[in-house]
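>>> Following is a predicted model, sequence given first.
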Amino acid sequence: MSVVDFARFVDDLATQSGGAILPFFRAAFSTEDKARGGGAFDPVTEADRAGETVMRRLIKQTFPGHGILGEEFGTEGADAEYVWVLDPIDGTRGFIAGLPLWGTLIGLTRHGVPCYGLMNQPFTGERFSGDGKSAQYRGPHGSRRLHARRKADLKDAVMATTDPRLFAEGPDRDAYGRVEAAVRLARYGTDCYAYCMLAAGQIDLVVETGLKPYDIVAMIPVIEGAGGVVTTWDGGPAAGGGAIVAAGDPRLHEAALKLLRP
């Protein structure tokens, strides 16, 4: 099956999962803390589980030989040629607060390498997708190709991170602080939307830490398809998660790496 065929299937996954998730948004629903009081609040909702359940069922029905890695229900068939990497609600804290800065992340890897990804925001009706070679936006105002913005200097850059307090005190927080001090503007609380805005040329730099594969795999083909760069802080592949830096311009990415790991 070609990437084009996968794209059609991913659109169906997005539509079906969005239908399961959206009724919970800005409504009453139960929330649990996966950290169970043992660390930073790590929420999971009925909506998270409903969205992933729908996607897993469709994948198993259509591609029974494929693997699945999902945030809520773990991993099946990790050694398969194709593995789907799912985060039904990336930005659960925003979801709980009724803010539309969240999205469903649907990624596909082949032999462990991200080959297609989509972020679906069913409340705003926006979808950001890519295959590593090109990236597209579809939404209420039409469709267009995505192109990351070219800015070489940190002093001119707009950056984003989910929350500076997520960086552990010490070297990691100091490293993040050096980057934030060097940029023009920093914004918080954007989760997966930050990567979409980077691909769309609105944000120049995203710096995160502690990510899981399901937090980033879907966004890698979108960022790269728009002409951006995404790696770990030491310049390695981003698909495994961890400390991540993404930039719209390779020169900006290199400048950020020098501050993150001087």
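Sure thing, it's come through. Numbering: from 1, shown residues only.
>>> hey, let's count contacts and neighbours off CA atoms from now on
Noted.
>>> End to end on stretch 161-176, go ahead and measure it.
End-to-end span of stretch 161-176 (C-alpha to C-alpha, to the nearest Å): 10 Å.
>>> Please state the mean pLDDT value computed over stretch 97-117.
Taken as a whole, stretch 97-117 carries a mean pLDDT of 97.
>>> need the longest helix for the protein.
helix 3-21 (DSSP state H).
>>> Buried residues in that one, which are they?
Residues 7, 10-11, 13-14, 17-18, 20-21 are the ones in helix 3-21 that count as buried (16 or more other C-alpha atoms under 10 Å).
>>> again with stretch 101-118
Residues of stretch 101-118 classed as buried by neighbour count (16+ other C-alpha under 10 Å): 101-109, 112-118.
>>> ok, so of these, who is nearest L154?
Relative to L154, the closest of these is L101; by C-alpha to C-alpha it sits at 24.8 Å.
>>> was I right about the closest one contacting Y188?
No - applying C-alpha atoms under 8 Å as the test, L101 and Y188 come out as separate, 10.7 Å apart.
>>> now the strand or helix carrying K60: mean pLDDT?
Assigning secondary structure by DSSP states H and E places K60 in helix 46-62. Averaged across helix 46-62, the pLDDT comes to 96.
>>> other SSEs contacting that helix?
Contact analysis of helix 46-62 by 3 or more C-alpha pairs under 8 Å, 6 or more residues apart in numbering; DSSP states H and E lists helix 3-21, strand 82-90 as its packing neighbours.
>>> Tabulate those in JSON lines, adding columns for distance to G142 and mean pLDDT.
Shown next, in JSON lines, are those (distance: least, C-alpha to C-alpha, whole Å; pLDDT from 0 to 100):
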{"stretch": "helix 3-21", "distance to G142": "16", "mean pLDDT": "91"}
{"stretch": "strand 82-90", "distance to G142": "24", "mean pLDDT": "98"}
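>>> so which of the ones you listed comes closest to R127?
For R127, the closest of these is helix 3-21, at 8.8 Å, according to C-alpha to C-alpha.
>>> for the longest helix of the chain, the distance to its chain's centre please.
Distance of helix 3-21 from the chain centroid (C-alpha atoms, centre = their mean, to the nearest Å) equals 16 Å.
>>> Can you tell me which helices and strands that helix packs against?
Applying 3+ C-alpha pairs under 8 Å, 6+ apart, we find helix 3-21 packed against helix 46-62, strand 103-110, strand 113-121.
>>> Just the angle for the shortest one relative to strand 113-121, thanks.
Regarding strand 103-110 and strand 113-121, their directions subtend 160 degrees when assessed with axes from the mean of the first three to the mean of the last three C-alpha atoms, to 10 degrees.
>>> again with the first one
Going by the same axes, to 10 degrees, helix 46-62 is angled at 130 degrees with respect to strand 113-121.
>>> ok, residues contacting helix 46-62?
With contacts defined as C-alpha atoms under 8 Å, 6 or more residues apart in numbering, helix 46-62 is touched by 13, 16-18, 20-22, 24, 29-31, 66, 68, 70, 72-73, 86-89.
>>> How about it, which residues are buried there?
So, applying 16+ other C-alpha under 10 Å, buried residues of helix 46-62: 47-56, 58-59.
>>> And stretch 154-168, by the same measure?
Applying 16+ other C-alpha under 10 Å to stretch 154-168 flags 154, 157-162, 164, 167 as buried.
>>> Which of these fall within strands?
The members of the buried residues of stretch 154-168 that map onto strands under DSSP state E are 158-161.
>>> Widest-spaced pair of the residues you listed?
By the measure C-alpha to C-alpha, V158 and T161 form the most distant pair in those, at 10.7 Å.
>>> For V206, which three-state class applies?
Three-state assignment for V206 (DSSP: H, G, I helix; E, B strand; the rest coil): strand.
>>> looking at the protein, which helix or strand does the model trust least?
strand 31-33 (a mean of 61; mean pLDDT, DSSP states H and E).
>>> picking up where we left off before, next, the angle strand 82-90 makes with the longest helix of the chain.
Orientation check (the same axes, to 10 degrees): helix 3-21 against strand 82-90 gives 30 degrees.
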